[in-house]
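Structure for the following, please:
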Amino acid sequence: MPLEVFTLIMMILVLIVVIFLIPLLLQLRGTVQRIDDLVRDVQHDLVPMLKELREASEHVKRTTQAAEKGSELLAALGEAGGAVNQFSHFLKHDVGRLAGNLAGFWAGFRAAGKTLARYAETKERS
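Below you'll find the predicted structure:
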């Protein structure tokens, strides 16, 4: 008889733990999915930004070499202007988008932290 009561109590405790873990796991799964989507978006956006940055760096390198040789000063200034324009475009458009993505990533982590804190607080009260 005491073994049956103990088994029944253990089963009820396991059921209670499972009931509390299901919402937590669902929230965690959603948060992980959002983080995965954010990482995928950042990777997708980062590749073109790096390509533009390499192109701008190559333009600066060519401009420096042309300026060192002292030939075609106006062409070198045009290259420098193009490199500055590309870098300005990179700063205006791509950095802002990356900052927005990172802000979303941070908001997701904060939401997950608050959810875990609420869960821990609820668990402590029980």
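
I'd like to know which helix or strand in the chain has the lowest mean pLDDT.
helix 73-89 (a mean of 71; mean pLDDT, DSSP states H and E).

Show me how far the helix or strand immediately after it in the chain is from its chain's centre.
Going down the chain from helix 73-89, the next helix or strand is helix 95-125, by DSSP states H and E. Centroid separation between helix 95-125 and its chain, computed with Cα atoms, centre = their mean, to the nearest Å, is 12 Å.

which secondary structure elements does helix 95-125 contact?
helix 2-69 (3 or more Cβ pairs under 8 Å, 6 or more residues apart in numbering; DSSP states H and E). Yep, even glycine has a C-beta here, placed from its N, CA and C like the rest.

Run the angle between the helix it packs on and helix 95-125 for me.
Helix 2-69 runs at 160 degrees relative to helix 95-125, counting by axes from the mean of the first three to the mean of the last three Cα atoms, to 10 degrees.

and helix 2-69, how far out from the chain's middle?
The answer for helix 2-69 is 7 Å, by Cα atoms, centre = their mean.

where in the chain is pLDDT low?
67, 70-77, 80, 91, 95, 126 (pLDDT under 70).

what about 50?
For the chain, no stretch has pLDDT under 50.

Could you measure from Lys92 over to Ala99?
Going from Lys92 to Ala99 by Cβ to Cβ, to the nearest Å gives 12 Å.

And Pro2, how close does it get to Ile9?
Taken as Cβ to Cβ, the span from Pro2 to Ile9 is 10 Å.

For those two, work out which one has more neighbours and name it.
The neighbour comparison of Pro2 against Ile9 (other Cβ atoms under 10 Å) goes to Ile9, with 10 against 6.

ok, and for stretch 26-43, which residues are buried?
For stretch 26-43, the neighbour count (16 or more other Cβ atoms under 10 Å) marks 27, 31, 34, 38, 41-42 as buried.

Among the residues you listed, list the two that are farthest apart in space.
The most widely separated members of these, counting by Cβ to Cβ, are Gln27 and Val42 (22.5 Å).

Wait, Asp41 touches Leu98, no?
No - the criterion here is Cβ atoms under 8 Å, and Asp41 misses it with Leu98 at 9.6 Å.

can I get the CA coordinates of stretch 48-63 in CSV?
Output of stretch 48-63 as CSV, limited to C-alpha atoms (Å, rounded to 0.1, in the frame of the first residue of the first chain):
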residue,chain,number,x,y,z
PRO,A,48,26.9,41.5,-50.0
MET,A,49,28.2,44.1,-47.4
LEU,A,50,31.6,42.4,-47.3
LYS,A,51,31.7,42.2,-51.1
GLU,A,52,31.0,46.0,-51.3
LEU,A,53,33.7,46.6,-48.6
ARG,A,54,36.2,44.5,-50.5
GLU,A,55,35.4,46.5,-53.7
ALA,A,56,35.8,49.8,-51.9
SER,A,57,39.1,48.6,-50.4
GLU,A,58,40.3,47.6,-53.9
HIS,A,59,39.3,51.0,-55.2
VAL,A,60,41.2,52.7,-52.4
LYS,A,61,44.2,50.5,-53.1
ARG,A,62,44.1,51.3,-56.8
THR,A,63,43.7,55.0,-56.1
